[in-house]
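Q: have a look; sequence and predicted model below, questions after that.
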Amino acid sequence: MGPLSPNDSASLLNVAYKDSRRGQGLLRLPIELWIDILRDAQYDDLVPSYKWLKSFALVCRAWRPYAQQLLFAHVALPLGASHCRAFMRSMASTKGAEHAAMLTASIHTLSMALDHQDVYADVLEMCPNLRELRMTLYHASFRPHILSRISRIAPLIKMLHIQAHHYSVLLQILPLFHAVEVLDIDCSIAVQDLFPDLAGKAAPAWRLRDLRYNNLHWQTDGFVKWALSGAANGSLDTLEALQVECPTFFASSICALGLPHLRSLQIGRVTEDDDFSSLTQLEEIMITLPRQPPPAFHVIPSGVKHIGLKAIDDAERPVVLSELRAYRERAGISLATITYQREVQDTERSFDDIRALYQFCEEHAIQFRLIAPPYGHYTGEGMPLSLNITVPRAMPLSLRRNSLPSVETLLQMPEKKSSAQRLVSKVKRIIF
């Protein structure tokens, strides 16, 4: 079912209500269908329409519990301890212990900004059905008794996102989450301590299916190998998706470990020296730095269905297209989708790169997807965490925004002249 706007869903509910009052009984739809409609409808331009759902919950008493469950499916407490205390007071003031328990049992995703205080463990213990935990860790370490309390909740968590300001607290809390299957670590912000020596530290005995690591600091790529070695080496047989943003990470360093079930790979660059022969199940590769030098597509396995590229320079476009044509001839019809990520709001920049890739895809019956870069680290800007790993990977929820023009609209714009061509035209106008 495609995404619905709150207005669409409200209209549908209004029709259902009027028809049912007339006794026609046309829209006695299953409750599961209405919940799906509401789940899709709560997103308008990515932002959950809490105001709309609140109004719906208040006006329609019969549907109020279902709307409230949707409101509590993802709880975000980004303002620290004061925010968590306010949440706990709100739950304590709810009329009826059973109703409060129903609301906290509805929480499947919890986002929090943490420090060393006890209140965060209090909130975690209120969520018996928590499956996804998103934490921003500002402090350097946890107190032992808080770690003990978190450890009782940790086995429930299947998807874990951590943005850490200190490596020490990251390595302190990760061993608790041995049941995690999707792990997303973000150290791209200004980490305030040095990257540790991981040789004496054991990784949890997790069996990861999806590993994401974002660290723009040099010589920090050792975390990836650490997360897949030692007690965690079972992840070598279960890992299906690997996403690494690190300037000193090279594909060969991880391919050498052997990842027989890896289906999706996102890395900075693909070079002549990379050997992907061990990645026999690879279906998707996304290249985030396709320049200096351009990617060497001929080392990519021929079974890849989806290639993703970030913006390429005009000077490198002919080389990239030539490599793509050669790969397409070798891979045949297996290549089904190309995703191109670049900014399109800059009206001064030529769209020739988009036009060239689009025409290449049209010539070879390949799906072309144009997406905008993420806008910071806001909710929905990143690829959503999911236990269902599909190829191509699910795109960020922010792509539901209507601000990105269609490829066809961009291609209708006149081709922009280069700076040299503009200079020549200006001189001609002056002379003649």
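A: Thanks, I have the structure now. Since this is a predicted model, take the numbers as computed values, not measurements. Residues are numbered from 1 along each chain as shown.

Q: how about the strands in the stretch 201-350 of the chain?
A: Remark: strands assigned in the stretch 201-350 of the chain by DSSP state E, counting those that start in this stretch are 210-214, 241-245, 264-267, 284-287, 306-310, 337-341.

Q: who does the second one pair up with?
A: What it means is strand 241-245. Note on strand 241-245: by DSSP bridges, its sheet partners are strand 210-214 (parallel), strand 264-267 (parallel).

Q: avg pLDDT for it?
A: Averaged across strand 241-245, pLDDT comes to 95.

Q: give the contact list for residue 78.
A: The contact partners of residue 78, taken as Cβ atoms under 8 Å, 6 or more residues apart in numbering, are 111, 112, 113, 136. Every C-beta, even on glycine, is put in place using the N, C-alpha and C of the backbone.

Q: now intersect those with the helices, please.
A: With DSSP state H as the criterion, helices contain none of these.

Q: okay if I get the strands of the stretch 201-350 of the chain as CSV plus distance to residue 107?
A: Listed next are the strands of the stretch 201-350 of the chain as CSV, based on distance: least, Cβ to Cβ, whole Å:
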stretch, distance to residue 107
strand 210-214, 22
strand 241-245, 26
strand 264-267, 29
strand 284-287, 32
strand 306-310, 33
strand 337-341, 32
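
Q: helix, strand, or coil at the residue most central in space within the chain?
A: In the chain, the residue lying closest to the centroid (Cα atoms, centre = their mean) is residue 383, at 1.4 Å. Using DSSP: H, G, I helix; E, B strand; the rest coil, the secondary structure recorded for residue 383 is coil.

Q: wait, it touches residue 396, no?
A: Yes. Between residue 383 and residue 396 there is a contact at 5.8 Å, judged by Cβ atoms under 8 Å.

Q: mind showing which ranges of the stretch 1-150 of the chain have poor pLDDT?
A: Scanning the stretch 1-150 of the chain with the threshold set as pLDDT under 70 gives 1-29, 31-32, 34-35, 37-50, 52-53, 56-59.

Q: returning to that earlier point: turn the strands of the stretch 201-350 of the chain into JSON lines, columns for mean neighbour count and distance to residue 230.
A: Below are the strands of the stretch 201-350 of the chain laid out as JSON lines (neighbours: other Cβ atoms under 10 Å; distance: least, Cβ to Cβ, whole Å):
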{"stretch": "strand 210-214", "mean neighbour count": "21", "distance to residue 230": "15"}
{"stretch": "strand 241-245", "mean neighbour count": "21", "distance to residue 230": "18"}
{"stretch": "strand 264-267", "mean neighbour count": "22", "distance to residue 230": "22"}
{"stretch": "strand 284-287", "mean neighbour count": "22", "distance to residue 230": "27"}
{"stretch": "strand 306-310", "mean neighbour count": "22", "distance to residue 230": "31"}
{"stretch": "strand 337-341", "mean neighbour count": "19", "distance to residue 230": "35"}
